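Novice: Sequence unavailable; structure follows:
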């Protein structure tokens, strides 16, 4: 009441022209306020990107990766295993539902569930497996026509070549990684002796068994290992797997070779003591009694320089050839002993039991 009387008294004292000016000023302020509100709604805080602002070369590369993902992912599956709770990936190689995956994913499986790209979940069963190469063939139970991935030629891969890997990381949706071949895998003289293909793209938990593909969408490898921080992936060359599939499908049991020695790195001090110059080769730490190497005349403190003419400098390089050669086959060891170099042929036998990883 007091405020109303004060305003009325103020208006009586104010001249009409002054009052009109005040009203006009208020109206202009209101218009300005509305204009700013409209401007705030019309012009957002961010800068909207122009869809036409593209680099033609990058856009073509972008479309190529999109086509690759769409082409490949339809045949990539997730593999779930009970009771181990293992999760991995795989890819369909035959319309009847034959799938390749990693052996370590399905090892000790009692029940296998396969999740297809269309999210359908079906049961599967193991058809054949090989622990040495670390791959398995599983099959979808039931009938159907499934999309497949063609298998390529891993022997023609080149360092620096673009490749893609697909899988189900951490058991989630399928994903595509793109990288380059950092080291090309190769088959060696024996049927399953090989170097892994190394790629500079991640290999996360759950992606073991997934395909490594070239830019044509052809499988050139299967992911089975990763670096400790999982930033580097390792794949079995697909040519190694292709060579074994027909034999495993016929029910043949492949038994890989055993030498019967314990190996270690040849240090500079040991090389000086043994007279090995230049320093090269792998030290035989001990020879197991009544095993192939011992029967062939290999001694403790021998230095293995090569296996089947493949030069070796690490125990893993010797074991790769031995464990990739079938029982009953003969390998040729080039040995350095007491200042002399000579060749020892060894017929490989069966591994007698569970021994440590440096024995082969």
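Specialist: Thanks, I have the structure now. In this text the structure is predicted, and so the values were computed from the model without any measurement. Numbering: from 1, shown residues only.
Novice: so where is the stretch 251-360 of the chain shaky, pLDDT-wise?
Specialist: Along the stretch 251-360 of the chain, segments meeting pLDDT under 70 span 353-360.
Novice: ok, which stretches of it are strands?
Specialist: 261-265, 282-287, 303-307, 310-311, 330-337, 340-347 (DSSP state E, counting those that start in this stretch).
Novice: what angle separates the fifth one from strand 282-287?
Specialist: Our comparison of strand 330-337 with strand 282-287, counting by axes from the mean of the first three to the mean of the last three Cα atoms, to 10 degrees, yields an angle of 100 degrees.
Novice: give the contact list for residue 261.
Specialist: Contacts here follow Cβ atoms under 8 Å, 6 or more residues apart in numbering; on that basis residue 261 touches 284, 285, 286, 287, 288, 291, 293, 298, 359, 360. Bear in mind the C-beta positions are built from the backbone N, C-alpha and C, glycine included.
Novice: actually residue 164, not the one I typed
Specialist: Contact analysis of residue 164 by Cβ under 8 Å, 6+ apart lists 65, 68, 69, 72, 176, 177, 178, 179, 201, 212, 213, 215.
Novice: Now which of those residues would you call buried?
Specialist: The neighbour count (16 or more other Cβ atoms under 10 Å) marks 68, 69, 72, 176, 177, 179, 201, 212, 213 as buried among those.
Novice: Mind checking which of the residues you listed land in helices?
Specialist: 68, 69, 72 (DSSP state H).
Novice: Distance check, the second one against residue 171.
Specialist: When distances are taken as Cβ to Cβ, to the nearest Å, residue 69 and residue 171 turn out to be 19 Å apart.
Novice: where's the dip in pLDDT among the buried ones among the contacts of residue 164?
Specialist: Within these, pLDDT reaches its minimum at residue 201, with 86.
Novice: that older thread, deepest-packed of the strands of the stretch 251-360 of the chain, please.
Specialist: strand 303-307 (a mean of 22; mean count of other Cβ atoms under 10 Å).
Novice: and stretch 81-89, how far from the chain's centre?
Specialist: The chain centroid and the centroid of stretch 81-89 are separated by 17 Å under Cα atoms, centre = their mean, to the nearest Å.
Novice: could you give the mean pLDDT of it?
Specialist: In the prediction, stretch 81-89 has an average pLDDT of 95.
Novice: Show residues contacting that stretch.
Specialist: For stretch 81-89, using Cβ under 8 Å, 6+ apart, the contacting residues are 76-80, 101-102, 104-113, 166-168, 170-171, 174, 205-210, 223.
Novice: Type out the ChimeraX command that picks the buried ones from those.
Specialist: Applying 16+ other Cβ under 10 Å to these, the buried members can be selected in ChimeraX as follows:
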select :76,77,78,79,80,101,102,104,105,106,109,112,166,167,168,174,206,207,208,209,210,223
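Novice: Return the subset of the contacts of stretch 81-89 lying in strands.
Specialist: Under the assignment DSSP state E, the contacts of stretch 81-89 contribute 76, 77, 78, 79, 80, 101, 111, 112, 113, 166, 167, 223 to strands.
Novice: what sits against the third one?
Specialist: Counting by Cβ under 8 Å, 6+ apart, residue 78 touches 87, 88, 89, 90, 114, 115, 168, 171, 174, 206.
Novice: With distance to residue 195 added, can I get the ones in strands among the contacts of stretch 81-89 in CSV?
Specialist: What follows is the ones in strands among the contacts of stretch 81-89, written out as CSV (distance: Cβ to Cβ, whole Å):
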residue, distance to residue 195
76, 25
77, 27
78, 28
79, 26
80, 31
101, 21
111, 35
112, 30
113, 33
166, 22
167, 22
223, 15
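Novice: surely residue 225 meets residue 233?
Specialist: Yes - using Cβ atoms under 8 Å, residue 225 makes contact with residue 233 at a distance of 7.5 Å.
Novice: Compare those two (neighbour count), which wins?
Specialist: It is residue 233, of residue 225 and residue 233, that has more neighbours when counted by other Cβ atoms under 10 Å, with 30 against 16.
Novice: Spatially, which residue comes closest to the more buried one, not counting chain neighbours?
Specialist: Excluding the flanking residues, the one nearest residue 233 by Cβ to Cβ, 6 or more residues apart in numbering is residue 203, at 3.2 Å.
Novice: In this structure that neighbour contacts residue 232, no?
Specialist: Yes - Residue 203 lies in contact with residue 232 (Cβ under 8 Å); the separation is 7.2 Å.
Novice: Show me which of the two is the more surrounded one.
Specialist: residue 203 (26 against 18).
Novice: and the gap between the more buried one and residue 305?
Specialist: 33 Å.
Novice: cool, residue 262 as well?
Specialist: 18 Å.
Novice: Would you map out the domains in the protein?
Specialist: 70-140, 154-247, 261-347 (automatic domain parsing).
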